[in-house]
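> A predicted structure for the sequence below; I have some questions about it.
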Amino acid sequence: MRSVLKFPAMLILAAALVSPARARVFTPWVTVKGQPDTRDLGRLTATLYENAGAVTDREKAETLWRYLLTDGRFVEPGMFYHIAGWAYEEPVGEVLDPLKLLNSYGFGLCYQDGPLLEALFEAGGFQDARSWFLTGHTVCEVFFDGRYSMLDVDMMGYTTVGDGDPRTLPIAGVRELEADRSIITAKLLAPDRADTSKVIYPWYPADVQVKAMGGYADIFTSGDDNWLFPFRRYSSGHSMDYLLRPGEKLIRYYQPESSSLYYLPFKHVDGRWSEFPREIPQYNINTEDGPHSQKDERVWATGRLEYTPPLHRQSAFYPERGEGFNHNLSLPETAGGALGRLDGSRPATAVFEMNSPWVLIDGQFELYAELAAAHNQLIVETSTDRGRSWEVAGQLRGPYSGPWRCAPRVLSVSEHGTRGALSGTYGYLVRITLAGPDGRVALRDLRLTSIFQLNPRSLPALAGGKNELLYSPGKVVVRRSLPVELSRLADFALEVDRLVYTRENSNGLVYPERWKKGAAVFELTAPGGGELSGISAGGRFLVLGEIAPEKTTAETRPTRLKGSPAGAAARLEWALSPAGPWRELWEYKAPAKWRDGHSENRLLAWPEVDRSVELPAGTKTAYVRYSLDGMALDDIRLASSSPADGPGGALVITHRWRSRNVPRSFSVRLDEASRELNYTVNTGPGEVTNLAVEFECPVE
């Protein structure tokens, strides 16, 4: 089967960002002195080590473990907290990407914070880290001092082996805990009291409190249902890269704008959409309360990206001229935007690109419109699949004169919220169409707003007195993701050869016909015929046996599919031509022995793969090929990067807070936002309530 994508030329041109010659700001970010930078795991772990004075591997491992401890009743509330059901994105399911978990969520369960700790261990320079699924619980091990050591973030503890000072004794690994439950139970003086001379605090404080440590030990010793992930358990295809165009403003709040505003995940099971978080009254878990911690006062937060694009008179959409309407609308420039007449019977169309590194909740589109005649019509649509399909957000018919607004289409309504056309995505296109016979129209004061969710513990929280802050920009690139839907693979791929899509218990995956060989080829281009500087490709590959991944639990499920044959293989490749030559990005290799010399046959061979490659200068198009031979695939991740030459834009940073019940603010302007800047904010004496931090790229 062959499916060739052909895009309308106007769409490709219209989706272009503002001109490279116009100044933009790339991933503006501010941290207070000593705060980890959650854009980059390598910098984050280096800062944590420095702050803790961690030198040895043992000290470094404990430092990363403490950063993620979940229960604020027992430790100082930190980066991550424990809550079920709120970090979920269809169609893949439970979120396992570290950058999403740290920046958009800040909460999850063991099957999320365990792999997140694994990611920090690997970014922090350890030789190896790996996750175990213990049927009902997930833990992470890290290799140092010649052995694997298990540190449990979710349950908040680790256990040493032997007698003596627990600060110097080796930390037990999963295999040791499987073989001897007394490694854990011998640390108890009573069912609800730990021997403080034998443990490092915190040592499973919530479980000790409710006399549950015996059951915790049993999770390990029932070893027949313990499974090891021999490859990375986490995906790493997400990026926090974004840009601000002239007329664009980013606002990140330290609290939700309202208690009812949050990303409410929905699951798609058996053809129906329903809320994913579950109400559990006996634990006071109420969906209407939002994703706040049930253990302490930590909550989520929200933010906005507001874009007021400058509209110009132009004959067509060209990347070097910026955004505007096509040649079917005559538009003299005005101070407020665009004003003119429809030329002929064909519609006038504009497409604007809206991207967010944070998970989207909703959006809003505002404008001032004048439609002189009844046959004039204004249509606003959104697309989350790069223009392959569109959802109508609003329609307006003339005669009309005045301000008007609309929002993305609501797709599902539930007891506690809605699922909108943008929910759970990270970018979209907005298409505005003016239609009807010749007639006078006006369109000005256009504002496009994205509403997103974020983890407020990633923000630069000001304290009373002087605060030293660091502004640092990101990579000077424009990054675009291609959200591939496996159920519509032919709509996204340039070519599909002998790959079958199936749904089993609402889990979707593709595999080769009769478990032989199959492949899919994807074409990556930049809008408007621009250049590509790099591509990223990845996904979750599956060697299937009697069990497969379950999206709603991040655990396992039985599968009726015939398992992968012996010698199953998969490859990920790239090329500059659909005919090749093809260059390897990754090839599946079956796991063998581990760094401690042991072998293991209780394996979930589901490698999460993410690879990037820099492209030769002048590249316009690149191709990625996924080849399967006896293996399956249940997630595809693709992205491209374009160079962004030209001057760096100006940036205004504003901190807002409340002190002594009085709203206060501080702003600093950077005429060249491509350089780092140290600056100081003095909030004065007394307690501070942080309100927001804003970044604005002004129209010059």
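Now that the structure is in, tell me what you want to look at.
> Three-state assignment for Leu261, please.
Classification of Leu261 using DSSP: H, G, I helix; E, B strand; the rest coil returns coil.
> again with Arg175
From three-state DSSP, the assignment for Arg175 is helix.
> Was I right to think it contacts His598?
Yes: between Arg175 and His598 there is a contact under CB atoms under 8 Å: 7.1 Å. Just so you know, the C-beta spots here come from the backbone N, C-alpha and C atoms, and that holds for glycine as well.
> Longest helix in the protein, please.
Using DSSP state H, we find that the single longest helix of the chain is helix 110-123.
> Give the other helices and strands that that one contacts.
Packing contacts for helix 110-123, counted by 3 or more CB pairs under 8 Å, 6 or more residues apart in numbering; DSSP states H and E, involve helix 41-52, helix 57-67, helix 98-100, strand 129-133, strand 138-144.
> quick one: which of the ones you listed is nearest Arg440?
helix 98-100 (46.9 Å; CB to CB).
> how about the helices of this protein, start to end?
Using DSSP H, helices in the chain cover 9-14, 41-52, 57-67, 98-100, 110-123, 174-179, 182-185, 205-209, 213-221, 489-492.
> can I get these in CSV with mean neighbour count?
Shown next, in CSV, are the helices of the chain (neighbours: other CB atoms under 10 Å):
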stretch, mean neighbour count
helix 9-14, 18
helix 41-52, 17
helix 57-67, 20
helix 98-100, 23
helix 110-123, 26
helix 174-179, 19
helix 182-185, 16
helix 205-209, 17
helix 213-221, 17
helix 489-492, 18
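> one step back: dump the helices and strands packed on helix 110-123 into TSV; add mean pLDDT and distance to Glu696 as well.
Below are the helices and strands packed on helix 110-123 laid out as TSV (pLDDT from 0 to 100; distance: least, CB to CB, whole Å):
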stretch	mean pLDDT	distance to Glu696
helix 41-52	98	25
helix 57-67	98	31
helix 98-100	98	24
strand 129-133	98	40
strand 138-144	98	40
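> To Asp241, which of these lies closest?
helix 98-100 (10.2 Å).
> distance between the ends of stretch 201-217?
The first residue of stretch 201-217 is 18 Å away from its last residue (CA to CA, to the nearest Å).
> Show the average pLDDT along that stretch.
The average pLDDT for stretch 201-217 rounds to 97.
> ok, Tyr216 touching Ile184?
Yes: with contacts counted by CB under 8 Å, Tyr216 reaches Ile184, the gap being 6.7 Å.
> quick one: the strands in the stretch 601-700 of the chain?
608-614, 621-629, 632-643, 651-659, 662-670, 677-682, 688-697 (DSSP state E, counting those that start in this stretch).
> With distance to Asp152 as new columns, can those strands be given to me in TSV?
Formatted as TSV, these follow (distance: least, CB to CB, whole Å):
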stretch	distance to Asp152
strand 608-614	21
strand 621-629	35
strand 632-643	27
strand 651-659	37
strand 662-670	41
strand 677-682	38
strand 688-697	32
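> possible to save the ones you listed as TSV with distance to Thr70, mean neighbour count and mean pLDDT?
Shown next, in TSV, are those (distance: least, CB to CB, whole Å; neighbours: other CB atoms under 10 Å; pLDDT from 0 to 100):
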stretch	distance to Thr70	mean neighbour count	mean pLDDT
strand 608-614	23	17	98
strand 621-629	36	22	98
strand 632-643	26	22	96
strand 651-659	28	19	97
strand 662-670	33	14	97
strand 677-682	31	14	97
strand 688-697	23	21	97
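> Mind checking the ones you listed for the one nearest to Arg39?
strand 688-697 (13.8 Å).
> Residues contacting the closest one, please?
Defining contact as CB atoms under 8 Å, 6 or more residues apart in numbering, one finds that strand 688-697 is touched by 23-25, 28, 30, 244-255, 459-464, 649-659, 663, 673.
> Sheet partners, orientation included, of it?
Applying DSSP bridges to the sheet, strand 688-697 is found paired with strand 248-253 (antiparallel), strand 651-659 (antiparallel).
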